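Novice: Need coordinates for the following:
(one chain, ligands or ions: 2)
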Amino acid sequence: MAAHAPLVVVMGVTGSGKSTVGEALSERIGLPFAEGDDFHPPSNIEKMSGGTPLNDDDRLPWLDAIASWLAGRTASGGIISCSALKRRYRDRLAGAVDGLFFLHLDGSPELIGERLEERRDHFMPKGLLRSQFDALEPLTADENGATISVAGPPEGVVQRSLDAIRAPYPLQLAPGVHAYVQPDGGWCLSNAGFVSDGTTTLLVDTAATESRALKLRDTVLASGAPQPTMVVNTHHHGDHTYGNSVFAPAAAVIGHRNCRAEVAANGKQLHLLWPDNDFGEITVNPPNLTYDDTLTLHVGDTEVQLIHPGVAHTTGDTIVWLPQQRVVFTGDLAFHGGSPFIPMGSLTGSLAALDLLRSLGARTVVAGHGSVTDPGVFDATERYLRFVADLAQEGYAAGRTPLEVARTADLGEFAALREPERLAPNLHRAYAELQGRPPGVPLDPLQVFGDMAELNGGTMPTCHA
Ligand SMILES: Nc1ncnc2c1ncn2[C@@H]1O[C@H](COP(=O)(O)OP(=O)(O)O)[C@@H](O)[C@H]1O
Ligand SMILES: O=C(O)[C@H](O)[C@@H](O)[C@H](O)[C@H](O)COP(=O)(O)O
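Specialist: Numbering: from 1, shown residues only. Ligands and ions are numbered 1, 2, ... in the order given. As a prediction, the model looks like this:
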């Protein structure tokens, strides 16, 4: 099951503040906290208490116990302290769950040594601090995490940690290829990506607000990549296209022919849904370079294939496929940890798009929302869509409205997904198909979004951007 709440490992040497910060974070964001020390077998505690550092073999069962705690909390989220000093330890933990975030609490040996002098009632002797720094391998760019200074009072460290957990982050997927993930992937927190050979940069999607788009641009530049000259829009929705104006006209904006038409037709679409949200200075910039079926772009030696899967999430979707790196950016054909959303597209078309995505043989999947994942997300998405199709078939035959069906549906495994309110709009699309209406035919937005708000307790869900 996909993670939809943060799963965080608070890491660092002994005395860096893992327990202090982990507990405080847990209180601030209401996620369960576990103390990693409690997962050591007694022999490890005995060994450390006696002043001998643990070795890799000692740490293995401990890491596995921590991994299984994390694996049990993929739906609810959670925070656990674990020194996770070496890269291979972290890989072991990260391999157990998708989207695991490492928060490295970083301080000088002098500062942490002083704090350990003050700490009472703890088995860990201060003498082991040196060995912990010797073992420590800092986070690298291809790891999902952030390094936070522990200088200053705990409140500041906790606030910086919170900001880091919530902040968008780049994740290197292959040399020159990054995902740009916006936690937690909720409404309007879409992913982006960038591909660069150091000379040319191609950007995939542009975020929902001016300030988020500017942050995305800063992140691209900070990675050493030059300003993008190509921007691909995976579809027309504003959370993927509003930021176009930050990159155009220096960049060509590329998208499917229907994406251009929809961006132009829908204008400031997010302002209509969320009039009180601050989107910043947004000018509508539809793609000025369009294609129909496929288009191949080149970033140095890297081939970037744009593939239109037919009507699926919208009428103008684009899959961005990097065959050499086996990385795929799906746009909103897949949500990781969130409910799929098909009222502007097609249910059968979405299923067909999943088949197409599967056939690519991707190793790494950047979904439209949520943490970076693997092709397992296609199966999870398909299960949800088939669930919607079944509900629609029954409800339609029984003469019930989409809202009635959505209200009484037993969500089962899908209750763990973000945005459960999307079931109402999704059923509207499924009903339209049962009525023989063509894929992508516009549905009455008042009814679709009205029912979604009803299902959400009478209000529109909040825009998180
Ligand atoms: N920001 C901070 N400023 C001052 N003291 C701190 C701070 N963070 C933690 N401490 C203290 O430092 C000691 C080590 O912190 P702790 O949370 O136990 O670290 P760890 O779990 O990483 O071993 C504790 O006595 C704690 O109260
Ligand atoms: O891998 C290790 O060598 C230990 O697990 C160590 O890194 C950890 O920090 C201890 O459990 C001490 O506990 P504190 O970190 O709470 O001091």
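Novice: Looks to me like Leu203 is in a strand.
Specialist: Yes: counting by DSSP: H, G, I helix; E, B strand; the rest coil, one finds Leu203 located in a strand.
Novice: ok, it - contacts?
Specialist: Leu203 is in contact with Ala192, Gly193, Phe194, Leu216, Val220, Pro228, Met230, Val231, Val232, Phe247, Ala251, counting by Cβ atoms under 8 Å, 6 or more residues apart in numbering. Where you see a C-beta, it was placed from the backbone N, CA and C, and this is true even at glycine.
Novice: Could you do Gly316 as well?
Specialist: His235, His236, Gly255, His256, Arg257, Asn258, Cys259, Arg260, Ala261, Glu262, His308.
Novice: just curious, which of these is nearest to Pro41?
Specialist: His235 (50.5 Å; Cβ to Cβ).
Novice: Next, count neighbours for the closest one.
Specialist: Residues within reach of His235, counting by other Cβ atoms under 10 Å, total 28.
Novice: Which parts of the stretch 251-400 of the chain are helices?
Specialist: Under the criterion DSSP state H, counting those that start in this stretch, the stretch 251-400 of the chain contains helices at 257-266, 269-273, 347-360, 376-397.
Novice: Redo those helices as CSV? Include distance to Gly370, mean pLDDT and mean neighbour count.
Specialist: CSV is the format used below for the helices of the stretch 251-400 of the chain (distance: least, Cβ to Cβ, whole Å; pLDDT from 0 to 100; neighbours: other Cβ atoms under 10 Å):
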stretch, distance to Gly370, mean pLDDT, mean neighbour count
helix 257-266, 22, 98, 20
helix 269-273, 19, 96, 17
helix 347-360, 15, 98, 19
helix 376-397, 8, 98, 18
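Novice: Tell me which of these lies nearest to Pro125.
Specialist: helix 376-397 (43.5 Å).
Novice: So which elements touch the next helix or strand after the closest one?
Specialist: Counting by DSSP states H and E, the element after helix 376-397 in chain order, helix or strand, is helix 402-408. Applying 3 or more Cβ pairs under 8 Å, 6 or more residues apart in numbering; DSSP states H and E, one finds that helix 402-408 contacts helix 376-397, helix 423-434, helix 445-455.
Novice: For the first one, name the packing helices and strands.
Specialist: If I follow you right, that is helix 376-397. Contacts defined by 3+ Cβ pairs under 8 Å, 6+ apart place helix 376-397 against strand 327-335, helix 347-360, strand 364-369, helix 402-408, helix 423-434.
Novice: Excluding its own residues, what touches that helix? List them.
Specialist: With Cβ under 8 Å, 6+ apart, helix 376-397 has contacts from 1-2, 333-336, 339-340, 342, 347, 350-351, 354, 357-358, 365, 367, 401-402, 404-406, 409, 412-414, 417, 423, 426-427, 430-431, 433-434.
Novice: Out of the residues you listed, which end up buried?
Specialist: Neighbour-count burial (16 or more other Cβ atoms under 10 Å) is assigned, among the contacts of helix 376-397, to 2, 333-336, 339-340, 342, 347, 350-351, 354, 357, 365, 367, 401-402, 405-406, 409, 414, 417, 423, 426-427, 430-431, 433.
Novice: can you list the domain ranges for the chain.
Specialist: 7-166, 169-386 (automatic domain parsing).
Novice: Where do the strands of the stretch 1-150 of the chain begin and end?
Specialist: With DSSP state E, counting those that start in this stretch as the criterion, the stretch 1-150 of the chain has strands at 7-11, 33-34, 78-81, 101-106, 145-149.
Novice: wait, which of those strands is closest to Gln132?
Specialist: Using Cβ to Cβ, the strands of the stretch 1-150 of the chain put strand 7-11 closest to Gln132, at 11.1 Å.
Novice: Strand 101-106 and the closest one, what's the angle between them?
Specialist: Strand 7-11 and strand 101-106 are oriented at 20 degrees to each other (axes from the mean of the first three to the mean of the last three Cα atoms, to 10 degrees).
Novice: least trustworthy helix or strand in this protein by mean pLDDT?
Specialist: In the chain, the helix or strand scored least confidently by mean pLDDT, DSSP states H and E is strand 169-174, which has a mean of 91.
Novice: Output the contacting helices and strands for that one.
Specialist: strand 177-181, strand 364-369.
Novice: Helices of the stretch 1-150 of the chain, residue ranges please.
Specialist: Going by DSSP H, counting those that start in this stretch, the stretch 1-150 of the chain shows helices at 18-29, 42-49, 56-71, 87-94, 109-118, 129-135.
Novice: Turn the ones you listed into JSON lines, including mean pLDDT and distance to Gln324.
Specialist: JSON lines is the format used below for these (pLDDT from 0 to 100; distance: least, Cβ to Cβ, whole Å):
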{"stretch": "helix 18-29", "mean pLDDT": "95", "distance to Gln324": "39"}
{"stretch": "helix 42-49", "mean pLDDT": "97", "distance to Gln324": "43"}
{"stretch": "helix 56-71", "mean pLDDT": "97", "distance to Gln324": "31"}
{"stretch": "helix 87-94", "mean pLDDT": "98", "distance to Gln324": "23"}
{"stretch": "helix 109-118", "mean pLDDT": "96", "distance to Gln324": "43"}
{"stretch": "helix 129-135", "mean pLDDT": "97", "distance to Gln324": "35"}
